[in-house]
Every structure is written in C-alpha cells, then in structure tokens.
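Novice: Can you look at this prediction? I've put the sequence above it.
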Amino acid sequence: DTEVTQTPKHLVMGMTNKKSLKCEQHMGHRAMYWYKQKAKKPPELMFVYSYEKLSINESVPSRFSPECPNSSLLNLHLHALQPEDSALYLCASSQDGRGGSEEKLFFGSGTQLSVL
Amino acid sequence: TQLLEQSPQFLSIQEGENLTVYCNSSSVFSSLQWYRQEPGEGPVLLVTVVTGGEVKKLKRLTFQFGDARKDSSLHITAAQPGDTGLYLCAGAGNYQLIWGAGTKLIIKP
C-alpha cells in the first residue's frame, strides 16, 4: 500500500466553524507533513512531524492546529479561518523526515478547502 | 537562502512536439526531485537525481542533473495529451524540500 489517504476531499466552511482534516498512511513512514497549495503555485510547507513529534512549524497562524495521534495518522484542526486560507491542503509522508538526498515524499490527493 | 528558478512557467504545445523544462539555482543540492501534479490531485514523484551529470529516463521523459548539482532539466519527446499537468522540481534543502514555482504544461491533441 503506497497510498496517503486524505479526507474530506472537499470542504466548505464559514469563518466561525471548527473543522478537521484527516490524513492516513500505512507505509510505515515516520514523518508526516502538511502543505498548503494555492492554484498554480508550488506547495508551501506548514508542519512536519517526525516520529510523532512536531519538528517543523513554518510560522503558521494558530488558527491551524496539527495533531499526530500515532505514526499513521495526522490531523489538521481548523478554527476561525479567513477567506485567504482557501487552498488545497496536502498531506505527505516520507521515511523519517530527517532529510537526505534520497528521501521521497508521497502525497495524498488533498482537501480542497473553501472558506466563506 | 536556497532558491530554485523554474522555466518556463507556462507551455502550451501540440501533440508530438518536444519540450524542455529547466530548473536552476545558484546553490548546490544533494539531490533534486521532479514531480507531476494533475488538477485536484497531489504531486506524484517522477524521479530523483543524485549524482552530478546523472541522466535518468522514464519512457519519453529524460531527466538530467547538472555536473555542479545546481541545475536540472526535464526533456519530453513526442509529447502526448496525457503529459498535461503541473511539473514541479524540488531540491533537497537542509531540512525540507525547496520547490520551484512549477511549469504548467498543456499538450493539445
């Protein structure tokens, strides 16, 4: 199984809503990532978990709250988002997140988020 | 700061033509990856190049890593409509991937 599964595929939420994005992988990877991608732009790194510990937080606003319950699951909790947060949110996993020339990212299909 | 400049940003050509996408930097990367992304999907890794001067082939796609490991190119021969997508290069940085801006490629039948 080389898949990273993300749910939901689409999400529309108001600025006062609380929602969560979910991500799951069963490749035995120990690093999981959240990226944000605007249309026709490259992915922007938000958070990295390595061995279930938050290792990178790229100065993301606190209205985005990541959670890694175990090595296979990654959540992104959303609260009080702004319309400019509308984007494709991608989850990815890799062997261990320690970088290195051969580390490969496996991406999910993403959650297309619209904030009204 | 490590940066990757990708060109062209947009390319629309007829089926059967050849094309090359470039990824350039003033920094040295230990490796460089190429991804293809289709609308509504996540990027899919095509290839990783590691050694300076390395050439890798994936059917009609040829990837090259520059001798100094500062640049890379993707050449597609006899492009087909199925090659349409966003092509992204990404270099292995200190602790994360450094992404190029992407090349939106459209192959018209």
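Specialist: Structure's in. What do you need? None of these values were measured; they are calculated from a predicted model.
Novice: in stretch A:48-65, what counts as buried?
Specialist: For stretch A:48-65, burial by neighbour count (16 or more other CB atoms under 10 Å in any protein chain shown) applies to A:48-50, A:52, A:56, A:60, A:64. (C-beta placed from N, C-alpha, C; glycine too.)
Novice: Point me to the residue of chain B nearest chain A.
Specialist: B:G42 (3.1 Å; CB to the nearest CB).
Novice: for that residue, phi and psi?
Specialist: phi -80, psi 160 (degrees, to the nearest 10).
Novice: From B:I107, how far off is it?
Specialist: From B:G42 over to B:I107 the distance is 21 Å, taken as CB to CB, to the nearest Å.
Novice: likewise A:A31?
Specialist: As judged by CB to CB, A:A31 and B:I107 stand 34 Å apart.
Novice: Identify the residues contacting the closest residue to A:C23 other than its chain neighbours.
Specialist: Of all residues not flanking A:C23 in the chain, A:C91 sits nearest, at 3.4 Å (CB to CB, 6 or more residues apart in numbering or on different chains). Residues near A:C91 by CB atoms under 8 Å, 6 or more residues apart in numbering or on different chains: A:4, A:6, A:21, A:23, A:32-35, A:74, A:107-108, A:110.
Novice: Name the helix or strand of chain A that has the lowest mean pLDDT.
Specialist: strand A:53-57 (a mean of 87; mean pLDDT, DSSP states H and E).
Novice: thinking again about what came up before, so which of the contacts of A:C91 is the closest to chain B?
Specialist: Of all the contacts of A:C91, chain B sits closest to A:F107, with 3.1 Å by CB to the nearest CB.
Novice: Can you pull the residues of chain A lying near chain B?
Specialist: Neighbours of chain B within chain A, by CB under 8 Å from any CB of the partner chain: A:4, A:40-43, A:45, A:48, A:56, A:88, A:90, A:92, A:99-110, A:112.
Novice: Just the buried residues of those residues.
Specialist: For these, buried by 16+ other CB under 10 Å: A:4, A:42-43, A:45, A:48, A:56, A:88, A:90, A:92, A:99, A:101, A:103, A:105-110, A:112.
Novice: Quick check: which element contains the residue nearest the centre of chain A?
Specialist: What sits nearest the mean C-alpha location of chain A, by CA atoms, centre = their mean, is A:W34, with 2.5 Å. If you go by DSSP states H and E, A:W34 is part of strand A:31-37.
Novice: Which neighbouring elements make contact with the helix or strand harbouring B:Y22?
Specialist: Using DSSP H and E, B:Y22 sits within strand B:19-24. Judged by 3 or more CB pairs under 8 Å, 6 or more residues apart in numbering or on different chains; DSSP states H and E, strand B:19-24 is in contact with strand B:5-7, strand B:10-14, strand B:71-76, strand B:85-92, strand B:103-108.
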